[in-house]
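Peer 1: Could you look at this predicted model? Sequence included:
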Amino acid sequence: SAMVMLPLLLLLSSSSSSAWAFSVAPRRSPVAISSGDGRLFPVVAKEPISQLFSFDPFKKSYPSHRNNPSYSTTWEKNKSALQLSGSSSNESSTITTTPPTRIQEALAGLTVAFSLLSKAIACSAIVGVNPLVGLWSSVIMGITAPLIGSRAGVISGTAAVVIVPLSALTVTHGVEYMPLCIILSAILQGLFGVFNLAKTANLVSEEVLSGFLNGLGFILLFSQAKVFKAAKAAGALVPAVGMASLCFSIVQLLPLVTKVVPSSLVGLVVATGLGMMLKLPLATLESTAPAGTFSGGLSSLPSLIDFGQLRSMATSSSAVKLVMPAAISIMIIALVETLLAGKVVDDMTGKTDDSDYDVPKRSVLAMSTGNLVSAFLGGFGGCGLIPQTVLNLKSGGGGPFSSISYALAMASFVLFFAPLVGRISEAALAGIMITVAYDTVAWSSSFKSIKAVMTKGGDDTRVQRLIDFFALGLSSYICYFGNLAVGIIGGVVAQRGLHSIFNRFSKD
């Protein structure tokens, strides 16, 4: 399905450049596309996506888009779509107005590293490799992204959305095909960057983005059910729910009192520590991982793959044909989530970067490079992570140092503090991930779309709103129940196709 949808996306991209013209809409939807007949349709941004990112990995200045005449207040209508508190005020969706300090970024990176520990281990188990593979994949992605020029504030690492198509390959045909699949996917990602195809992300409208976030948020939410199922089987369901609830409450309420330290880190430490003090029968990372995973030391370092075996597979047409569908699916999902993670940073901070560099290109090339390095070291790479990016911003991060800090923290967990990290409660981690899932779902945007459909208005306007609502629902459904890549592309194709049909009949 991914091989069929990819040409459609490229066709839409090429046709949209000549058939559509960018223009500024009224205040309700400041950035829109004009179809030439006076109708305006909301899109992601007035400028190409390259205006949404920054290349300088240690840039200190983050000028507001409100003061940037070339940007013109993007996404004002959807300002609260990704807000953290769930209220309707614009202020609640803005994380900070000043660049974070190095201490804030380091603490935010540490919090993100804790939140990714269980996820990296779980992804490794799904693929069928050693748990350390997922940890080192996150470390490599976290270091290469800011150094090469990914959007500041975006967290890159092991991605569950990437693991889904990869695991389908490895479970059926074996893990020996994993390096070839990741390398081919990285090459395709690099080609997208070299030929400036990252601009196709501009085709993702507000409604499709919200549908993607809804699907991703609920996938993340229900992925934590396994923690409580295991606790129930062990007769510890009540303690597990209690510690997860405690962690969730601390994460949500502590920022109302102080923001000196990340609430997620405090919640993790308090919930884990209290469980140990009360001697609750809670599962820990060490108890659920294979023996020796958290022993630490230099023996935990990754090693190079067998290049002879890789060469023989790469020169085999049957092997390439076998892994290509999974490689294409991984490429599409990783590309879209990485670029959308950058847009999430812009929307949540209310800021964009003035840069002379084509940073979507560099973001994609950074992701491609990280995946190549990871594959050469036996890893399965990753991409930009929207949930962890949300957590990073909520914890006080936002600069490139938070990404590097998270990667270094992950590496230190494996090498130096593995025994201590292994004692972290899975219930506490589940509380953090439930918070991230809640913050990822586009609650406000979804409810606004429902309200817009129910609002009385002209027949033409109401049909357009119905099309947008259908696109949101379709992309949400496919992303959750099906495939994230197909959900995004299907939502874009359906929304633009239906708008085109409606415009043609309305003219007649």
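Peer 2: Alright, I've got the coordinates. Everything numeric in this text was worked out from a predicted model, so none of it was measured.
Peer 1: Glu337 and Gly384 touch, don't they?
Peer 2: Yes. Glu337 is within contact range of Gly384, at 5.6 Å (criterion: Cβ atoms under 8 Å). All C-beta spots, glycine's among them, are computed from the backbone N, C-alpha and C.
Peer 1: Give me the more crowded residue out of these two.
Peer 2: Gly384 (31 against 28; other Cβ atoms under 10 Å).
Peer 1: Now do the phi/psi pair for the more buried one.
Peer 2: The phi/psi pair for Gly384 (degrees, to the nearest 10) reads phi -70, psi 140.
Peer 1: Give me the pLDDT value at it.
Peer 2: pLDDT, Gly384: 90.
Peer 1: pretty sure it is touching Ser156, no?
Peer 2: Yes. If you go by Cβ under 8 Å, Gly384 and Ser156 touch, sitting 5.1 Å apart.
Peer 1: Now list whatever residues contact both of those two.
Peer 2: 145, 150, 338, 367 (Cβ atoms under 8 Å, 6 or more residues apart in numbering).
Peer 1: Identify the spatial nearest neighbour of the first one, chain neighbours not counted.
Peer 2: Closest residue in space to Ala145, ignoring its immediate chain neighbours: Ser156 at 4.1 Å, by Cβ to Cβ, 6 or more residues apart in numbering.
Peer 1: what does stretch 120-139 contact?
Peer 2: With Cβ under 8 Å, 6+ apart as the criterion, stretch 120-139 contacts 116-117, 119, 157-160, 163, 166-167, 170-171, 175, 178, 223, 285, 288-290, 293, 300, 302, 374, 377-382, 407-408, 410-411, 413-414.
Peer 1: scratch that, stretch 408-425
Peer 2: Taking Cβ under 8 Å, 6+ apart as the rule, stretch 408-425 contacts 109-110, 113-114, 116-117, 120, 132, 135-136, 138-139, 142-143, 157, 243, 268, 271-272, 275-276, 282-286, 289, 293-298, 300-301.
Peer 1: Derive a ChimeraX selection command for the buried subset of the residues you listed.
Peer 2: Only the buried entries of those go into this ChimeraX selection, using 16 or more other Cβ atoms under 10 Å:
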select :109,110,113,114,116,117,120,132,135,136,138,139,142,143,157,243,268,271,272,275,282,283,284,285,286,289,293,294,296,300
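Peer 1: Pass me the low-pLDDT residue ranges in the stretch 301-450 of the chain, would you?
Peer 2: 350-359 (pLDDT under 70).
Peer 1: For it, just list every one of the helices.
Peer 2: 307-314, 317-349, 359-376, 386-394, 400-415, 418-421, 426-440, 443-454 (DSSP state H, counting those that start in this stretch).
Peer 1: what ranges do the helices span in the stretch 101-250 of the chain?
Peer 2: Taking DSSP H, counting those that start in this stretch, the helices of the stretch 101-250 of the chain run over residues 102-127, 131-148, 160-173, 178-194, 206-222, 225-233, 237-253.
Peer 1: can you tell me which of those helices comes nearest to Ile333?
Peer 2: Nearest of those to Ile333, taken as Cβ to Cβ: helix 160-173 at 5.0 Å.
Peer 1: could you give the angle of the closest one to helix 178-194?
Peer 2: Orientation note: helix 160-173 sits at an angle of 140 degrees relative to helix 178-194 (axes from the mean of the first three to the mean of the last three Cα atoms, to 10 degrees).
Peer 1: what sits up against helix 160-173?
Peer 2: 2, 119, 122-123, 126-128, 177-178, 181-182, 216, 219-220, 223, 322-323, 325-326, 329-330, 333-334, 337, 380-383, 483-484.
Peer 1: Now the buried members of those residues.
Peer 2: Buried, going by 16+ other Cβ under 10 Å: 2, 119, 122-123, 126-127, 177-178, 181-182, 216, 219-220, 223, 322-323, 325-326, 329-330, 333-334, 337, 380-383, 483-484, out of the contacts of helix 160-173.
Peer 1: Dump the helices of the stretch 101-250 of the chain to a markdown table, plus mean pLDDT and distance to Gly422.
Peer 2: Listed next are the helices of the stretch 101-250 of the chain as a markdown table, based on pLDDT from 0 to 100; distance: least, Cβ to Cβ, whole Å:
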| stretch | mean pLDDT | distance to Gly422 |
| --- | --- | --- |
| helix 102-127 | 83 | 9 |
| helix 131-148 | 90 | 11 |
| helix 160-173 | 84 | 21 |
| helix 178-194 | 93 | 26 |
| helix 206-222 | 87 | 23 |
| helix 225-233 | 91 | 16 |
| helix 237-253 | 93 | 17 |
